[in-house]
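**Q** fold the following, please.
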Amino acid sequence: MPIVNSIAALSDEMTGWRRHLHQYPELGLDCHQTAAFVVERLKEFGITDIHEGIARTGVVAIIEGRAPGRTIGLRADMDALPMQDLSGAEHASKVPGMAHTCGHDGHTTMLLGAAKYLAETRNFAGRVALIFQPAEENEGGGRIMVEEGMMDRFGIDEVYGIHNSPGTPEGHLVTNRGALLAGVDEFTITLTGVGGHGAQPARTRDPVVAAASLVMALQTIVSRNIDALDQVVVSVTQIHTGSAMNIVPDQAMLNGTVRYYDKAAQAEVKARMADLAEFQARSFGMTAELVYDEGYPPTINHPAQAEFAAGVAREVVGAEAVDLDTPPIMPGEDFAYMLEARPGAYLFLGQGDTPSCHHPKYDFRDEIAPIGASFFARLVEKALPLA
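**A** Model (predicted):
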C-alpha cells in the first residue's frame with residue numbers, strides 16, 4: 001500500500017502548517033505557541049482527550065480506536081535551534097536568532113497529518129498516544145516526559161518516532177535493529193597552575209602548556225584504551241585561557257564531547273579521562289578538576305519493533321526504498337529515553353540532497369511530510385488490527 005490517499009490529499013494543508021511553524025520557532029521547553037497551534041489543530045480534528053503541560057509545554061493526545069486494545073505512542077519533537085535562518089525561503093523564520101534548522105517543524109506536521117487521518121477513520125483496535133515533545137535539542141524533553149510518568153499515565157505499550165535525513169534519498173526510510181544514534185556526554189577539565197609574567201615562565205606553572213599536552217593525551221583514549229571494534233569519539237572542542245599577550249594565566253579550561261554506543265565504553269572513557277587529567281596536571285606541577293556530564297543515552301532500537309516498522313515502511317514506500325541495516329551515526333537524540341522506557345523503534349526519512357540539519361540554510365522538504373504521516377498511520381493500523 002503506497003502513501004495513504006487521504007493523507008496525500010492533505011499535502012497542501014500540511015505544507016501550510018509546516019511553513020507557519022517554521023516562521024515562529026521556539027526553543028527548549030518554551031514551545032508555548034507551537035503547543036497551542038498543535039492543540040488547536042487536534043481539536044479541529046475532533047480529538048478531545050488532550051493533555052497539556054507535560055514537560056512544561058509538551059502535549060499528549062489520545063485517539064480511541066473502534067475496539068479495545070494496546071496503546072501505540074507516536075512521537076514528534078517541536079523545538080528549534082538558537083541560530084539564524086539563512087534559507088532564503090519566503091517562509092523563513094521571523095524570530096531573530098531562532099530557526100527550525102533540524103526539521104522539527106516537519107516532524108510535528110507529519111504527526112498532525114497522521115492524527116487527522118486516524119481521528120477520521122479510527123480503523124484500529126486500541127489507542128494511539130500522540131506525543132508532541134519540547135526540548136529535544138538541549139534540555140531533554142523526552143527524559144522529562146518519561147520522568148513525569150507519561151508511559152504509565154497513558155498506558156503506552158510501544159513507541160515510534162521519525163527524523164528527517166538530509167543526504168538519504170528522498171522518500172527512503174532507513175533504520176536498524178540496534179544502536180542507531182550515539183550517547184552524548186560533555187566534559188570540562190579545569191587546570192590550575194601559577195600565573196606570572198610571560199617573560200619569566202620559570203616562575204610560573206603554565207596551564208597553557210599543560211592544556212596542550214592534555215589535549216594530545218586525551219586522543220589516546222580512543223586509539224589505545226577502546227577496542228578497535230567499538231565506536232567512540234572524544235573531541236576537545238574548546239580551550240579557554242589567558243587575558244593578555246605577556247601574562248601566563250593561572251587557569252586553562254578544556255571543554256568537549258564524548259560519543260559512544262556501549263555503556264562499558266562510556267565507563268572506560270570516563271575513568272581514563274579522570275586519570276589523564278589528574279596525572280598530566282601533576283606532571284606539570286598543578287591540579288586538575290574534571291566535570292563529566294552524562295547526557296542523552298544511545299538511541300537503541302528494539303529488534304522486533306524495528307523489524308515491524310521496516311515492514312510497514314515497505315508497504316508505504318516500497319521494498320527498494322527501505323534499509324533495515326543502516327549504520328549508526330554519532331549525533332544523539334533524546335528519543336533514547338522513550339526507548340529505554342518502552343519497546344519501539346526510530347527511523348530516518350530521507351529528504352534528498354539538501355543542506356544538513358543544523359546548517360543555517362537547512363529547510364525541511366515538504367514533499368516528504370505525507371510519507372511520514374502515512375507511515376505513522378499505517379503503523380497504527382498494522383500494530384492494532386481490527387478483528
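
**Q** tell me where the longest helix sits in the chain.
**A** Longest helix of the chain, by residue count under DSSP state H: helix 263-283.

**Q** now what about that helix, what contacts it?
**A** 183, 185, 187, 189, 191, 210, 213-214, 217-218, 220-221, 225-227, 230, 232, 234, 258, 260, 287-290, 292, 294 (C-beta atoms under 8 Å, 6 or more residues apart in numbering). Yep, even glycine has a C-beta here, placed from its N, CA and C like the rest.

**Q** same question, stretch 296-306
**A** Stretch 296-306 has contacts (C-beta under 8 Å, 6+ apart) with 140, 143, 158, 160, 175-184, 260-262, 324, 332-337, 339-340, 343-346.

**Q** how close does Val39 sit to His32?
**A** 11 Å (C-beta to C-beta, to the nearest Å).

**Q** please, where are all the strands along the stretch 151-300 of the chain?
**A** Taking DSSP state E, counting those that start in this stretch as the criterion, the stretch 151-300 of the chain contains strands spanning 158-165, 173-174, 179-181, 183-192, 196-197, 233-241, 247-248, 251-260, 287-294, 299-300.

**Q** sheet partners, orientation included, of the fifth one?
**A** For strand 196-197, the pairing partners within the sheet under DSSP bridges are strand 247-248 (antiparallel).

**Q** and the fourth one, by the same measure?
**A** Strands flanking strand 183-192 in the sheet, each with its direction: strand 251-260 (antiparallel), strand 287-294 (antiparallel) (DSSP bridges).

**Q** just the second one next, same as before
**A** Strand 173-174 has the following sheet partners, assigned by DSSP bridges: strand 322-323 (parallel), strand 344-350 (antiparallel).

**Q** got JSON lines for these, with distance to Pro249, mean neighbour count and mean pLDDT too?
**A** As requested, these are exported to JSON lines (distance: least, C-beta to C-beta, whole Å; neighbours: other C-beta atoms under 10 Å; pLDDT from 0 to 100):
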{"stretch": "strand 322-323", "distance to Pro249": "51", "mean neighbour count": "20", "mean pLDDT": "98"}
{"stretch": "strand 344-350", "distance to Pro249": "44", "mean neighbour count": "25", "mean pLDDT": "99"}
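
**Q** which one, of these, ends up nearest to Ser87?
**A** Among the strands paired with strand 173-174, strand 344-350 comes nearest to Ser87, with 19.0 Å by C-beta to C-beta.

**Q** so for whatever helix or strand comes next after the closest one, what's the average pLDDT?
**A** Counting by DSSP states H and E, the element after strand 344-350 in chain order, helix or strand, is helix 369-383. For helix 369-383, mean pLDDT is 98.

**Q** I figured Glu307 hits Leu324, correct?
**A** Yes - using C-beta atoms under 8 Å, Glu307 is in contact with Leu324, at 7.1 Å.
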